[in-house]
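S.K.: No sequence on hand, only this structure:
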């Protein structure tokens, strides 16, 4: 009987063990599936968040750097014209290196060089930097083409840079003599037998990109993320070409544009040639990784390396402490998701402010203005609005006499008066220097006139600058949608013409564009 009871008990234990084993197996399988699936989704979400964050940073940095570079281009244009006036009528032989050095110091430049034709080449004949003398430009591609067009007094039409009449500035480029980046400008109006070449260091632009751009974002992600082991943004062409030549134009020539190349694989080139999103799994020093390839604009590719070995270790710990590990893992995953989301929102807001708001006045900048104007065309096809171009009269005089600090304070105070007068009506932006724009929904032209009169009246009270009161006025040019145009260029052109006519006739007033003004501006030599 005892043996029978013992066998019966043993069978119950075995059956219970089988049942518990099956329950445990089902539970383990379910937990593995749920936790594993959640873990995979977390990695996917983090990858997606990092991709969007870095892509936004690249776009914002490119826009901000381009804006900065364009401001420098305009300054170099003014400096080049001024130097041309100073050297007008002077032959190459009559100009000394000391004179070029004096011009360099006077205009706060890195150096000044003079280019001349030499047979079928164009070379540096004189320079405030002796190392520049004798440099040949024949093998410089489109740069040499630009020099030829300048010497022929033709508009410079090459694929890069910034050009005006008698003037061309190349993109940021690394010097053939130094490891630093420079912005080189060139001016030739036919009054000399040489091209005037002032140039300045562009380290400020690179410092801006390094301090606030994609590399900074990538470093933060790599530091804070437990899963992302590497991020790199590649220029596909130089990377595939395995070009070992010197990087001249970093944005185009650098194989690795942002981040650092990590975990190179033999199959990288084959995946990059496809130009499609893809992923591969691999092991390195016993650790499992997932490499994700994401195509970007401008023939670039982002590669994100995820450490997926943590997933396997997490599954192993679940086998040891199923319930505790599950709860803790869920809490950690939830916290990571919340942290990553909050961090993403914060960083995107920082980038947005950098890209869309004027640092000095705090109001929208040119980028924001252009996007807002585009939405106005899309949203108000059957409605009217006015575009104001506002320019402070005699701002340069105040800026030169009191200094840039007083000039900046005037711009800040002016933007405050504009905002107070508008009281939330319309979209006010600073697009550069002392130029402001206002996009104002209206029902009739009289609405625009009333607002313009209000803006003028807001300047009747003098401004307090550097302890003294100054009377400051403004000139306003206005164009109306759809009467004066149905696209951005047309409205800006009409408002600019109206501003020109007002500024050079009377100042301290406003004008609404009339088509006869175009003839007036042409007759005036504009």
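M.R.: Done, it's in. Treat the numbers as computed from the prediction; the structure is a model and nothing was measured.
S.K.: tell me which residues in stretch 65-75 are buried?
M.R.: By 16 or more other Cβ atoms under 10 Å, the buried positions in stretch 65-75 come out as 65, 68-69, 72-73, 75. From N, CA and C alone the C-beta is placed, and that goes for glycine too.
S.K.: what's the closest of the residues you listed to residue 120?
M.R.: Here the nearest of the buried residues of stretch 65-75 to residue 120, counting by Cβ to Cβ, is residue 73; it sits at 29.0 Å.
S.K.: wait, isn't that closest one in contact with residue 186?
M.R.: No: between residue 73 and residue 186 there is no contact under Cβ atoms under 8 Å: 11.6 Å.
S.K.: can you map out the helices along the stretch 401-526 of the chain?
M.R.: Using DSSP state H, counting those that start in this stretch, the helices of the stretch 401-526 of the chain run over 404-422, 445-457, 488-505, 516-523.
S.K.: quick check: angle from the longest one to helix 445-457?
M.R.: Read that as helix 404-422. 140 degrees (axes from the mean of the first three to the mean of the last three Cα atoms, to 10 degrees).
S.K.: got the contact list for helix 404-422?
M.R.: 360-363, 390, 392, 395, 398-399, 428, 430, 434, 436, 438, 451, 454-455, 457-459, 463, 465-466, 470, 472, 474 (Cβ atoms under 8 Å, 6 or more residues apart in numbering).
S.K.: Any chance of a PyMOL selection covering the buried ones in those residues?
M.R.: Those of the contacts of helix 404-422 that count as buried under 16+ other Cβ under 10 Å are selected in PyMOL with:
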select buried, resi 361+363+390+392+395+398+399+428+430+434+436+438+451+455+458+459+463+465+470+472+474
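S.K.: Find the one among the helices of the stretch 401-526 of the chain with the highest mean neighbour count.
M.R.: Among those, ranked by average contacts under mean count of other Cβ atoms under 10 Å, first place goes to helix 488-505 (a mean of 20).
S.K.: Run through the neighbouring helices and strands of that helix.
M.R.: Applying 3 or more Cβ pairs under 8 Å, 6 or more residues apart in numbering; DSSP states H and E, one finds that helix 488-505 contacts helix 366-379, strand 384-392, strand 474-481, strand 510-512, helix 516-523.
S.K.: again, only using 7 Å
M.R.: Where contact means 3 or more Cβ pairs under 7 Å, 6 or more residues apart in numbering; DSSP states H and E, helix 488-505 is packed against strand 384-392, strand 474-481, strand 510-512, helix 516-523.
S.K.: I'd like the ones you listed written out as JSON lines, with distance to residue 125 and mean pLDDT added.
M.R.: Shown next, in JSON lines, are these (distance: least, Cβ to Cβ, whole Å; pLDDT from 0 to 100):
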{"stretch": "strand 384-392", "distance to residue 125": "41", "mean pLDDT": "95"}
{"stretch": "strand 474-481", "distance to residue 125": "45", "mean pLDDT": "95"}
{"stretch": "strand 510-512", "distance to residue 125": "49", "mean pLDDT": "94"}
{"stretch": "helix 516-523", "distance to residue 125": "39", "mean pLDDT": "66"}
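S.K.: for the ones you listed, which one sits closest to residue 147?
M.R.: helix 516-523 (31.7 Å).
S.K.: List the residues that contact residue 238.
M.R.: 253-255 (Cβ atoms under 7 Å, 6 or more residues apart in numbering).
S.K.: Revised request: answer the last question for residue 147.
M.R.: Counting by Cβ under 7 Å, 6+ apart, residue 147 has contacts 115, 122, 137, 186, 195.
S.K.: Figure out the helix or strand that it lives in.
M.R.: Secondary structure assigned from DSSP states H and E places residue 147 in helix 142-151.
S.K.: Please apply the same query to residue 105.
M.R.: Here residue 105, judged by DSSP H and E, is contained in helix 97-106.
S.K.: strands paired with whichever helix or strand comes after that helix, and their directions?
M.R.: Elements were assigned by DSSP H and E; along the chain past helix 97-106, the next helix or strand is strand 111-118. Applying DSSP bridges to the sheet, strand 111-118 is found paired with strand 121-127 (antiparallel), strand 195-201 (antiparallel).
S.K.: Pick the most deeply packed of these.
M.R.: Highest mean neighbour count among the strands paired with strand 111-118 (mean count of other Cβ under 10 Å): strand 195-201, a mean of 22.
S.K.: Report the mean per-residue pLDDT for whatever helix or strand residue 270 lives in.
M.R.: Here residue 270, judged by DSSP H and E, is contained in helix 268-274. The pLDDT scores in helix 268-274 average 87.
S.K.: and for it, what are the contacting residues?
M.R.: So helix 268-274 is in contact with 236, 239-240, 278, 293, 301, going by Cβ under 7 Å, 6+ apart.
S.K.: out of the residues you listed, who's nearest residue 285?
M.R.: Closest to residue 285, out of all of the contacts of helix 268-274 and judged by Cβ to Cβ, is residue 293, at 21.9 Å.
S.K.: Buried ones among the contacts of helix 268-274?
M.R.: 236, 239, 293, 301.
S.K.: Please narrow the residues you listed to those residing in helices.
M.R.: Under the assignment DSSP state H, the buried ones among the contacts of helix 268-274 contribute 236, 239 to helices.
S.K.: Tell me how far the nearest residue in space to residue 80 that is not next to it in sequence lies from residue 201.
M.R.: The shortest distance from residue 80 to any non-neighbouring residue, by Cβ to Cβ, 6 or more residues apart in numbering, is to residue 187 (3.6 Å). Noted for residue 187: a distance of 19 Å to residue 201, by Cβ to Cβ, to the nearest Å.
S.K.: just residue 191 next, same as before
M.R.: 28 Å.
S.K.: And the strands paired with strand 111-118: which comes nearest residue 85?
M.R.: Of those, nearest to residue 85 by Cβ to Cβ is strand 195-201, at 10.5 Å.
S.K.: Which residues does the closest one contact?
M.R.: Residues outside strand 195-201 that contact it (Cβ under 7 Å, 6+ apart) are 76, 79-80, 83-84, 87, 107, 109-115, 147, 150-151, 180, 182-188.
S.K.: Next, the angle from that strand to helix 142-151.
M.R.: Using the same axes, to 10 degrees: strand 195-201 against helix 142-151 is 140 degrees.
S.K.: I'd like to know which helix or strand in this protein has the lowest mean pLDDT.
M.R.: None of the helices or strands of the chain scores lower by mean pLDDT, DSSP states H and E than helix 203-212, at a mean of 62.
S.K.: Moving C-terminal from that helix, which element do we reach first?
M.R.: helix 214-224.
S.K.: Now do the buried residues in that following helix.
M.R.: 214-218, 221-222.
S.K.: Now find how far off-centre it is within its chain.
M.R.: When distances are taken as Cα atoms, centre = their mean, to the nearest Å, helix 214-224 is centred 18 Å away from the chain's centroid.
S.K.: tell me what that helix is packed against?
M.R.: helix 2-87, strand 228-235, strand 256-259.
S.K.: rank those by pLDDT, which is bottom?
M.R.: Across those, helix 2-87 gives the lowest mean pLDDT, at a mean of 72.
S.K.: quick revisit: so which of the buried ones among the contacts of helix 268-274 comes closest to residue 230?
M.R.: Of these, the one sitting nearest to residue 230 (Cβ to Cβ) turns out to be residue 293, at 12.5 Å.
S.K.: isn't that closest one right next to residue 278, touching?
M.R.: Yes: assessed by Cβ atoms under 7 Å, residue 293 is found in contact with residue 278 at 4.7 Å.
S.K.: Please report phi then psi for residue 134.
M.R.: The phi and psi values for residue 134, taken as degrees, to the nearest 10, are phi 100, psi -10.
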